[in-house]
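# Sequence and predicted structure, then a few things I'm wondering about:
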Amino acid sequence: MNGRLAIYPGSFDPITNGHLSIVRRGLKIFDKLVVAILINPQKRPLFTLGERICMIKEALSREGDHVEVDSFDGLLVDYAVRKGSNVILRGLRALSDFENEFQMALMNRKLNRNVQSIFLMTEYKWFYTSSTIIKEAASLGGDVSSLVPSVVNHKLKEKFRQIKNT
Ligand code: PNS
């Protein structure tokens, strides 16, 4: 597909309704988004890369070929160039995100001046949610069904049931 392409990178462990909202709003600006999952050997994700890819694909199935789900390691700006994009899309939540995002955007700009970072403010509904806090609530039996796509809600329950039984 030709047209404006942006990279939407993250850990997506797991994808949340906040992420989905950024993707859907991003598609009002871009023709196609690559949801790019960072492979980070230093982090121990709850979900495997394969599980995360499946959940994202299912949650974004309606977007068809406007969304590609991929993974990357190494520098994000190099990955963006490999994919033929010069835009990195990120969501911004509470003020606490700002410092980290500012630092990453400046570093990415230093590494490659042709790659632009753009930010969408999250919808107020998702202001205080994150994959981390959702996982914590779900691990303790909390109901997170209104914060994540149904496939993720189901997988969270399954994952914590498995962990409890091992
Ligand atoms: O969902 P996250 O964990 O906030 O996403 C962070 C991510 C993947 C965007 C960031 O860690 C990243 O871009 N890593 C790739 C390594 C890199 O390019 N580092 C240099 C610039 S910060």
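Nice, I can see it.
# residue ranges for the helices of this protein, please.
Under the criterion DSSP state H, the chain contains helices at 17-26, 49-59, 76-83, 95-111, 131-139, 150-164.
# Including mean pLDDT, mean neighbour count and distance to residue 65, could those go into TSV?
Every residue, glycine included, has its C-beta placed from N, CA and C. Putting the helices of the chain into TSV (pLDDT from 0 to 100; neighbours: other C-beta atoms under 10 Å; distance: least, C-beta to C-beta, whole Å) gives the following:
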stretch	mean pLDDT	mean neighbour count	distance to residue 65
helix 17-26	97	20	14
helix 49-59	98	18	12
helix 76-83	98	18	15
helix 95-111	94	12	27
helix 131-139	97	17	26
helix 150-164	95	15	20
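# Export those as CSV, with columns for distance to residue 120.
Listed next are these as CSV, based on distance: least, C-beta to C-beta, whole Å:
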stretch, distance to residue 120
helix 17-26, 5
helix 49-59, 18
helix 76-83, 17
helix 95-111, 11
helix 131-139, 17
helix 150-164, 21
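# pretty sure residue 135 is touching residue 16, no?
No. Using C-beta atoms under 8 Å, residue 135 is not in contact with residue 16; the gap is 10.0 Å.
# Would you mind listing the residues in contact with the closest residue to residue 79 other than its chain neighbours?
Spatial nearest neighbour of residue 79, excluding adjacent residues (C-beta to C-beta, 6 or more residues apart in numbering): residue 72 at 4.1 Å. Taking C-beta atoms under 8 Å, 6 or more residues apart in numbering, we find residue 72 in contact with 9, 36-39, 79.
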